[in-house]
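K.L.:
how would this look folded up:
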Amino acid sequence: MTGRARFADRNVLVTGSTGMAASAARAIAAEGGSVFVTSRTAEHLAALGDEIRGAGGRVAWRAADLRREDEVEAAFASFDAAFGRLDAVYSVAGISGRRFGDGPIHEATAEGWDAVLAANATSQFLVMRAAIRRMLAQDLDADDQRGVVLLMSSTLATRPAPAFFATHAYAASKGAIDALTRSAAAHYAPFGIRVNAVAPALVATPMSRRAQDDPAIRAYLAEKQPLARGPIDPDAVTATALHLLSAEARMVTGQVVAVDGGWTVSEPRPPDGAE
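P.N.:
Residues are numbered from 1 along each chain as shown. This next block holds a predicted model:
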């Protein structure tokens, strides 16, 4: 345990089982929360569940393809059976779509577009819908709230880097999350439900392995993300996510919070000799 207990007696559902999702699940359990984890890969879920349980945490999991309505509903039904009240959802799971056909618009395929929007936008819509339906049916808690949803956006939705990250379907999918966050937050605030998003820049996760292994991109990140001097550690994103998921942020809704190591305010120096 960490000595903090922001999630004592709280039940949190996290989508994803590696990278930022795994970091958050471990931290929530360490702070006293009951964690339910769902993603497509049963092996990752089992390993993460065993790790959390071995550290004394309370955890349950179910494999699900979050692009599919029936599998999302089945995952939430398993959550209901395991824990009951749903206090918070952290919707992390998504993909980088280059290998599916994403890229600059003139090169991208329709199949790539569909794959990325399904994994990064439709999945989060389905997860949030299942969560909100449950939260609306719940009594207010001690903080006069019914629950909180935290979605996953990206700095690429608003701060492109065309030289290295020209994946336009990915950017569009994350822009959709920004809009969904604000519109849903406005609608559900009177019901005591908060909706926010985090927008990381490049984080050291399995999904970003290709970029991490590219020397040119690493050199770019050293200046574009000066606080990290390279890829951001997943735990740095978790610190912000846990704040937004906890009662500490009970007056915060409708916000897309950049966790970007300085990306949005930094510009790499031009090559030597350039004006």
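K.L.:
Regarding this structure, what is its longest helix?
P.N.:
helix 168-188 (DSSP state H).
K.L.:
helices and strands of this protein: which one bottoms out on pLDDT?
P.N.:
Of all regular secondary-structure elements in the chain, judged by mean pLDDT, DSSP states H and E, the least confident is helix 209-212 with a mean of 80.
K.L.:
average pLDDT across the longest helix of the chain?
P.N.:
For helix 168-188, the per-residue pLDDT values average out at 98.
K.L.:
Quick check: which ranges of the protein have low pLDDT?
P.N.:
Within the chain, the set of residues satisfying pLDDT under 70 comprises 1-3, 270-275.
K.L.:
The spatially most central residue of it and residue 237, how far apart?
P.N.:
When Cα atoms, centre = their mean is applied to the chain, the residue found nearest the centroid is residue 92 (2.7 Å). Residue 92 sits 9 Å away from residue 237, taking Cβ to Cβ, to the nearest Å as the criterion. Placement of C-beta: from N, CA and C, glycine included.
K.L.:
now do residue 197
P.N.:
To residue 237, residue 197 is 12 Å away according to Cβ to Cβ.
K.L.:
With only the CA atoms kept, save the strand or helix carrying residue 127 in PDB.
P.N.:
Following DSSP states H and E, the helix or strand that holds residue 127 is helix 123-136. Taking Å, rounded to 0.1, in the frame of the first residue of the first chain, the C-alpha atoms of helix 123-136 are listed here in PDB:
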ATOM      1  CA  SER A 123     -15.200   1.400 -27.700                       C
ATOM      2  CA  GLN A 124     -15.100   4.400 -25.400                       C
ATOM      3  CA  PHE A 125     -18.700   5.400 -26.300                       C
ATOM      4  CA  LEU A 126     -19.900   1.900 -25.500                       C
ATOM      5  CA  VAL A 127     -17.900   1.700 -22.200                       C
ATOM      6  CA  MET A 128     -19.100   5.200 -21.100                       C
ATOM      7  CA  ARG A 129     -22.700   4.400 -22.000                       C
ATOM      8  CA  ALA A 130     -22.700   1.200 -19.900                       C
ATOM      9  CA  ALA A 131     -21.100   3.100 -17.000                       C
ATOM     10  CA  ILE A 132     -23.500   6.100 -17.200                       C
ATOM     11  CA  ARG A 133     -26.500   3.900 -17.200                       C
ATOM     12  CA  ARG A 134     -25.400   2.300 -14.000                       C
ATOM     13  CA  MET A 135     -24.400   5.600 -12.400                       C
ATOM     14  CA  LEU A 136     -27.700   7.200 -13.100                       C
END
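K.L.:
Next secondary structure after that helix?
P.N.:
Stepping forward along the backbone from helix 123-136, the first helix or strand reached (DSSP H and E) is strand 147-152.
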